[in-house]
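# Pasted the sequence and its predicted model underneath.
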Amino acid sequence: MAQQRDYRIDASTLQQAQQVGLASADWHACKIDRKTLKRLMKRENQAPLAHFGLWLLLLIISGSVAFLAWGTLWCIPAFTIYGMLYAASDHRAHELSHGTPFRTGWLNTALYHLTAFMTLHEANFWRWSHARHHTDTLILGSDREIAVPRPPNLAKMLLDLCYIASGWVELKRIFRHAAGHLTKEDMTFVPESERPKVIWTCRIYVTIILGTVGWCLAIGSILPALFIVLPRFYGGPLSQLFNLTQHTALAENVLDHRLNTRTVKMNPIFNFLYMNMNYHVEHHMFPMVPFYHLPRLHDHIKNQCPSPYPSLWAAYREIIPGVLRQRKDPGYFVERHLPEKAKDTPRYPNGSRSTATA
Amino acid sequence: MSEQWVEVCDADDIEEEDVIRFDHGDRTFAIYRSADDEYFATDGLCTHEQVHLADGLVMDNIIECPKHNGRFDYRTGDAKGAPVCVNLNTYPIKLEDDKVYLKLG
């Protein structure tokens, strides 16, 4: 087994990353006219209400069918669809954590708390964690949201198709925070004034989780848990396949999202489920642009970015060999090719190394 | 340090409900024009991660940091919730002869 790179995060690793100019650094941003960007950043309520309304309606319909079909084989496809929609809360919680979908603030907040519970990401903790991820995307010693550390752990990756490895970590964290304990890593990005919110929200999560378990025990059936908590696990594969396209096998310790992030073209159903987060270079470079404007943002900056992957399958044709190679050579990463006229700032600083090109 | 009024720009250089960056010496400021055609000034950098607020979004009385959606009331400098906890400093501003002036001190 190849040697594990150092993914520890504490005050000293963060300081080291800052000293070498990788943490809290200036990142490359594609050129875009201020008026255009301002127009793309503008929010509305109509588009996100339609989106969330449809998502919730589909959840209710598939859940109702699953409930009525319980005890028959028809409940299997119904729960499959319900679980897939439920697990897609992960992408909704992510977008809502940025506060970008709705013009009306309380709609962002209310739906964020709902979807964050559904995806088992405590809302306050993840808002801070994700802010760090956007400041220092794939910077070692700072970013705690590196989904596939090198060398990749294939068993963990397979388990995470059903959120088993990461979900277990999240559940333990929720219970630990509910008990009032934050780790040193947690304290590098959650300010002291915010920690009580993390703790009390986790206590609410624990109450709901234990309440669901108690409900199952009381009626002698797993049915309640198939609607709450468990769908995040059994419905997780498609969402995880989406998430892994974001950064897997790409460069660490670079200051350009075009080099460490993928944009993948998807079909309209996947775009809906993934909430346009397949435009991930665009999302990272301009995180204030709401999900419904990302395709237009893509059109404005695509000439300055590497070609998008034409499909989910095309992305995995690169990711799978890349991950397998990183098992033996953790220094390997897939190098993204910038357009000729946008090659002014390719930055692969010391500590990064490419052994092949894709 | 003595107080001084510094010329920033022409009044029309800032669109309604928008913000521009203004650097003076080694300091940087954000100068706002509200939808009601009033002008305001705050520190130029977000108190969370030192990002220039002038690249952010002005919506109603709020400036949102372009990096992490940190929100401030630009009239008072008040931080409006995670991920910002520390308020911005605000500065007096005036219009004279269609020019915007910022008071430093």
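Everything's here; your move. Numbers count the residues shown, from 1 in each chain, chains lettered A, B, ... in the order given.

# distance of residue A:4 from chain B?
Spatial separation of residue A:4 from chain B under the definition Cβ to the nearest Cβ, to the nearest Å is 29 Å. Any C-beta I mention is one placed from the backbone N, CA and C, and that applies to glycine too.

# brain fart, residue A:339
As judged by Cβ to the nearest Cβ, residue A:339 and chain B stand 24 Å apart.

# ok, that residue - contacts?
Residues in contact with residue A:339, defined by Cβ atoms under 8 Å, 6 or more residues apart in numbering or on different chains, are A:303-306.

# can you rerun that using 7 Å?
Shown in contact with residue A:339 (Cβ atoms under 7 Å, 6 or more residues apart in numbering or on different chains): A:303-304.

# Can you give me the distance of it to residue A:307?
Remark: distance between residue A:339 and residue A:307 (Cβ to Cβ, to the nearest Å) = 8 Å.

# Pull the residues that contact stretch A:176-191.
A:9-11, A:14, A:122, A:125, A:128-129, A:132, A:144, A:195, A:198-199, A:202-203, A:206, B:85.

# now do stretch B:17-30
A:38, B:6, B:8-9, B:13-14, B:31-35, B:41-45, B:52-54, B:56, B:58, B:63, B:91, B:102.

# so how far is it off the chain centroid?
Its chain's average C-alpha position is 7 Å from that of stretch B:17-30, according to Cα atoms, centre = their mean, to the nearest Å.

# now do stretch A:71-85
With Cα atoms, centre = their mean as the basis, the distance from the averaged C-alpha position of stretch A:71-85 to the chain average is 25 Å.

# Chain A contacts on chain B?
B:18, B:49-50, B:56-57, B:64, B:66-69, B:82-83, B:85 (Cβ under 7 Å from any Cβ of the partner chain).

# sec struct for the most centrally placed residue in chain B, please.
Most central in chain B under Cα atoms, centre = their mean is residue B:30, positioned 3.0 Å from the mean C-alpha point. Using DSSP: H, G, I helix; E, B strand; the rest coil, the secondary structure recorded for residue B:30 is strand.

# that older thread, sitting in strands, which of the contacts of stretch B:17-30 do you find?
With strands defined by DSSP state E, the entries of the contacts of stretch B:17-30 inside them are B:6, B:8-9, B:31-33, B:41-43, B:58, B:63, B:91, B:102.

# Buried ones among the contacts of stretch B:17-30?
Among the contacts of stretch B:17-30, those buried by neighbour count (16 or more other Cβ atoms under 10 Å in any protein chain shown) are A:38, B:8, B:14, B:31-34, B:41-45, B:52-54, B:56, B:58, B:63, B:91, B:102.

# rewinding a little: could you dump the ones in strands among the contacts of stretch B:17-30 to JSON lines with pLDDT?
Formatted as JSON lines, the ones in strands among the contacts of stretch B:17-30 follow (pLDDT from 0 to 100):
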{"residue": "B:6", "pLDDT": "93"}
{"residue": "B:8", "pLDDT": "94"}
{"residue": "B:9", "pLDDT": "94"}
{"residue": "B:31", "pLDDT": "96"}
{"residue": "B:32", "pLDDT": "96"}
{"residue": "B:33", "pLDDT": "95"}
{"residue": "B:41", "pLDDT": "96"}
{"residue": "B:42", "pLDDT": "97"}
{"residue": "B:43", "pLDDT": "95"}
{"residue": "B:58", "pLDDT": "94"}
{"residue": "B:63", "pLDDT": "95"}
{"residue": "B:91", "pLDDT": "96"}
{"residue": "B:102", "pLDDT": "95"}
